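**Q** Sequence and predicted structure, then a few things I'm wondering about:
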Amino acid sequence: MINIVLFGKPGAGKGTQAEFLKGKYNLTHLSTGDIFRYNIKNGTDLGKLAQTFMDQGELVPDDVTIKMLQAEVDNNPNSAGFLFDGFPRTLSQAEALDVFLASKSESITATIALEADDEILVARLLDRGKTSGRPDDQDEEKIRNRYQEYNEKTAPLMGYYKEQGKFYAVNGIGSIDEITLRLSEVIDNL
C-alpha cells in the first residue's frame, strides 16, 4: 500500500494534482476540504463545528479533523492506498495519523510539498473564488490569514517528515502537466 501526503498552501494545486495522481496510482483521494464541505453540506455535527472555524479563515481543530478523516479511511477498507490532501496540517495531526495508520499496520510512504510564491497563490485563489463560490477564496485578508496559519502550524511538519526520510519538495509553478511529471518522478522513485 502506498500512502502519500500532499502538502502545499491553499491554491498550490493539491486538488488538481490529486485528481491525476489518484488515477495513475490507484489511490483513494482524501481531501480534508472536500470532507469538510461534505459534512457542512449535510449538516453533520462535525460539519457545523468545522464551518465556524472556516468562516474565520482558521484551521479546523485537530480533534474534529481527525475524526472526519478516520471515518473516511474506515469507509475505504479495500483501498490500494491513500492520497492525503490537506492533512495533516499540524504536528499533532501528523502524530495522530501515524498512530491511526499503525493501528491498521500501515504508514505514510512519502510527503510531497508543492512549493509556490505567496503572491502567485493569492492571485490563483482570488481568481478561483470568482467561479468556485467558495467564500474563503474571495477575501484576500482571509487568504493571507490561511497562509499565516499554514506557516505557523503546517510548515513545521516538513522537519517532522524530513527526520523520517519521507519529505520531498516539488516546484508547484508551471503547467499542470509539468507539475504532474515532477510529482510522478518522486512517487516512481519511492
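**A** Looks like it came in fine. Numbers count the residues shown, from 1 in each chain.
**Q** contacts and neighbour counts: CA atoms only from here.
**A** Noted.
**Q** And the strands in the protein?
**A** 2-7, 28-31, 81-85, 110-115, 167-171 (DSSP state E).
**Q** and the third one with strand 110-115, angle?
**A** On the basis of axes from the mean of the first three to the mean of the last three C-alpha atoms, to 10 degrees, strand 81-85 is oriented at 30 degrees to strand 110-115.
**Q** Neighbouring strands - and their directions - for strand 81-85?
**A** With DSSP bridges as the test, strand 81-85 is paired with strand 2-7 (parallel), strand 28-31 (parallel).
**Q** For Gln148, which of those strands is the nearest?
**A** With respect to Gln148, and counting by C-alpha to C-alpha, the nearest of the strands paired with strand 81-85 is strand 2-7 at 15.1 Å.
**Q** From what I see, Val64 and Ala50 are in contact.
**A** Yes. Val64 is within contact range of Ala50, at 7.2 Å (criterion: C-alpha atoms under 8 Å).
**Q** Quick check on those two: which one has the bigger neighbour count.
**A** Shown here are Val64 and Ala50; by other C-alpha atoms under 10 Å, Ala50 has more neighbours (21 against 15).
**Q** separation between the more buried one and Lys41?
**A** Counting by C-alpha to C-alpha, to the nearest Å, the separation of Ala50 from Lys41 is 11 Å.
**Q** now Arg144
**A** Relative to Lys41, Arg144 is positioned 25 Å away (C-alpha to C-alpha).
**Q** of the two, who's got more company?
**A** Higher neighbour count among Arg144 and Lys41: Arg144, with 17 against 12, using other C-alpha under 10 Å.
**Q** Would you mind listing the residues in contact with the more buried one?
**A** Val122 (C-alpha atoms under 8 Å, 6 or more residues apart in numbering).
**Q** what about it, distance to Pro88?
**A** According to C-alpha to C-alpha, Arg144 and Pro88 sit 20 Å apart.
**Q** now the strands paired with strand 81-85 in TSV, with mean pLDDT and mean neighbour count?
**A** Listed next are the strands paired with strand 81-85 as TSV, based on pLDDT from 0 to 100; neighbours: other C-alpha atoms under 10 Å:
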stretch	mean pLDDT	mean neighbour count
strand 2-7	94	22
strand 28-31	93	21
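**Q** mind checking which of those is nearest Ala169?
**A** strand 2-7 (9.0 Å).
**Q** how about Leu91, what does it touch?
**A** Going by C-alpha under 8 Å, 6+ apart, Leu91 touches 153-154, 156-157, 160.
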